[in-house]
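**Student:** Here is a sequence with its predicted model. Questions after.
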Amino acid sequence: MIYKKLTSLIDDASLALLQAKEGEANALLSQVFDELLFISSSFDAQVLVVLSQIMEIMHDAQQRRDYVYLVDIMKYELPKHISL
């Protein structure tokens, strides 16, 4: 499945964030964003708009170090829009 790698990265990044492993989490988040970019060609325009907004929110949460919110977005909001 095309989303298997993304799902695994989200799980790993979420765990690292919740365990306060900031360096590891940031590296994994970078991989999450890269994987989203890679699979974005399979999304329609409406999903891309929503995904863009979600990624901005994720970035803001990361900058504010609101990791619980960031994990919630990755685990519960992203899957709604990209069919994980």
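**Tutor:** Received, thanks.
**Student:** going forward, measure contacts and count neighbours with C-alpha atoms only.
**Tutor:** Noted.
**Student:** Mean pLDDT per helix and strand in this structure: which one sits at the bottom?
**Tutor:** Scoring the helices and strands of the chain by mean pLDDT, DSSP states H and E places helix 78-82 at the bottom, with a mean of 86.
**Student:** Tell me the buried residues in it?
**Tutor:** Neighbour counts over helix 78-82 (16 or more other CA atoms under 10 Å) mark 78, 82 as buried.
**Student:** which helices and strands does it pack with?
**Tutor:** helix 45-63 (3 or more CA pairs under 8 Å, 6 or more residues apart in numbering; DSSP states H and E).
**Student:** What are the buried residues along the helix it packs on?
**Tutor:** For helix 45-63, a neighbour-count test (16+ other CA under 10 Å) marks 48, 51, 54, 55, 58, 61, 62 as buried.
**Student:** Can you name the two of the residues you listed that sit furthest apart?
**Tutor:** Distance extremes for the buried residues of helix 45-63: the farthest pair is 48 and 62 at 20.5 Å, using CA to CA.
**Student:** tell me the average confidence for the helix or strand hosting residue 70?
**Tutor:** Per DSSP states H and E, residue 70 falls inside helix 67-72. Taken as a whole, helix 67-72 has a mean pLDDT of 95.
**Student:** Summarise which helices and strands it is packed against.
**Tutor:** So helix 67-72, by 3+ CA pairs under 8 Å, 6+ apart, packs with helix 4-18, helix 45-63.
**Student:** Fine by me, thanks again.
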